[in-house]
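> Only the shape, not the letters, is given here:
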């Protein structure tokens, strides 16, 4: 029996690399350009596996699914999938963990250095014909010897910690779920609370998934606890931060600046106050992108689909509690 895979996208997509990973599996992939919930429902209703490229999979849509065993995201984040509704229905939710770890970590460090060195401001100044060093006018904090606080200590945060350590930074983290041996392996210091992390960091970098427990996790009290000389970096999801509180903190000088790749609403409106501030560096949710990553995304997604259709567990199961609702499967294997 041919396995039906629904590939959901906002535009036509080249899925040739994904197809290569499924060469030995009896399957049929249909690419669906979805512009409304109704189109998404029709696309997923009778599919065996659903692969979504940032197309929202809501509780309503999940309620219409008839045959699928899994919903897959093509990227690291999975906040566009109602994973609680999926779990209730016995559906596996799989993300593409690891495919862009190095790129996002590099981007976080790039934003950190760019903030410390006022890169965009100096670039604009020189191109405008102004050759003036900012000494005495702008704070120029060091990087070596400073403290980087990581909110969350998953794969991307760990890769960021390695890079920060190479720059001579001291790294601390807040993550109530990380095992002690991981903390020891990466030679970082575990901090007991978000407030303590805020108070002790010269730079804070956000590295948590977006879900019900992390939405607006960083709020007014967090930014008030930060040093007035500290910088905030976010390359995970804008919704993990109370953006209004961040704006207020920057306007009041409670923190020195920010480097942001993500926003609560994307694309962020042109009138967002964050875009008007000289001490904010903004990029368009591009941290995880590169020529290599584009290939890796489809390759990993195809391999995960092959594992599921072959009867094993996937490598990156977001909702492991669903295992108790499903028939037993062998562990995932590398392909």
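Arrived safely. What you see is a predicted model, and the numbers here were worked out from it, not measured in a lab. Residues are numbered from 1 along each chain as shown.
> If you count contacts, what does the helix or strand harbouring residue 184 end up packed against?
If you go by DSSP states H and E, residue 184 is part of helix 180-186. Judged by 3 or more CB pairs under 8 Å, 6 or more residues apart in numbering; DSSP states H and E, helix 180-186 is in contact with helix 155-166, strand 189-190. Every C-beta, even on glycine, is put in place using the N, C-alpha and C of the backbone.
> Need the contact partners of the shortest one.
Looking back up the chat, that one is strand 189-190. 170, 171, 172, 173, 174, 175, 178, 180, 183 (CB atoms under 8 Å, 6 or more residues apart in numbering).
> any idea which of the helices and strands packed on helix 180-186 is most buried?
helix 155-166 (a mean of 21; mean count of other CB atoms under 10 Å).
> rewinding a little: what residues of the helix holding residue 184 count as buried?
Of the residues in helix 180-186, residue 186 count as buried by neighbour count, 16 or more other CB atoms under 10 Å.
> for the residue nearest the centre of the chain, what are its contacts?
For the chain, the residue nearest the mean C-alpha position is residue 236 (3.5 Å; CA atoms, centre = their mean). The contact partners of residue 236, by CB under 8 Å, 6+ apart, come to 77, 152, 156, 206, 207, 208, 209, 210, 262.
> how close does residue 9 sit to residue 34?
7 Å (CB to CB, to the nearest Å).
> Between these two, point out the one with more neighbours.
residue 34 (21 against 17; other CB atoms under 10 Å).
> For that one, report the pLDDT, please.
With respect to pLDDT, residue 34 scores 97.
> give the contact list for it.
8, 9, 10, 40, 43, 55.
> Chain neighbours aside, what residue packs nearest to residue 168?
Residue nearest to residue 168 in three dimensions, not counting chain neighbours: residue 144, with 3.6 Å by CB to CB, 6 or more residues apart in numbering.
> distance of the one you found from residue 32?
50 Å.
> Show me which of these two is the more surrounded one.
Remark: of residue 144 and residue 32, residue 32 carries more neighbours, 18 against 8, as counted by other CB under 10 Å.
> what's the one helix or strand that one maps to packed up against?
Applying DSSP H and E as the criterion places residue 32 in strand 27-33. Packing partners of strand 27-33 (3+ CB pairs under 8 Å, 6+ apart): strand 3-9, helix 37-44.
> and the first one, how far from the chain's centre?
With CA atoms, centre = their mean, to the nearest Å as the basis, the distance from the averaged C-alpha position of strand 3-9 to the chain average is 23 Å.
> What strands line up against that strand, and which way round?
Sheet pairing of strand 3-9 (DSSP bridges) gives strand 27-33 (parallel), strand 49-52 (parallel).
> Which parts of the stretch 1-150 of the chain are strands?
3-9, 27-33, 49-52, 70-73, 92-94, 147-151 (DSSP state E, counting those that start in this stretch).
> buried stuff in the fifth one?
Within strand 92-94, the residues that count as buried by 16+ other CB under 10 Å are 92, 93, 94.
> Check what contacts that strand and list those residues.
By CB under 8 Å, 6+ apart, strand 92-94 touches 69-73, 78, 81, 83, 86-87, 304, 308, 314, 316-319, 322, 326.
> pLDDT weak spots in the stretch 1-150 of the chain?
Scanning the stretch 1-150 of the chain for pLDDT under 70 picks out 134-136.
> Turn the buried residues of strand 92-94 into TSV, including distance to residue 231.
What follows is the buried residues of strand 92-94, written out as TSV (distance: CB to CB, whole Å):
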residue	distance to residue 231
92	38
93	34
94	34
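> Now render the strands of the stretch 1-150 of the chain as JSON lines, adding distance to residue 188.
Below are the strands of the stretch 1-150 of the chain laid out as JSON lines (distance: least, CB to CB, whole Å):
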{"stretch": "strand 3-9", "distance to residue 188": "38"}
{"stretch": "strand 27-33", "distance to residue 188": "42"}
{"stretch": "strand 49-52", "distance to residue 188": "34"}
{"stretch": "strand 70-73", "distance to residue 188": "28"}
{"stretch": "strand 92-94", "distance to residue 188": "28"}
{"stretch": "strand 147-151", "distance to residue 188": "7"}
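> Out of these, flag the one nearest residue 160.
strand 147-151 (6.4 Å; CB to CB).
> biggest helix in the chain, by residue count?
Longest among the helix segments of the chain by residue count, using DSSP state H, is helix 291-310.
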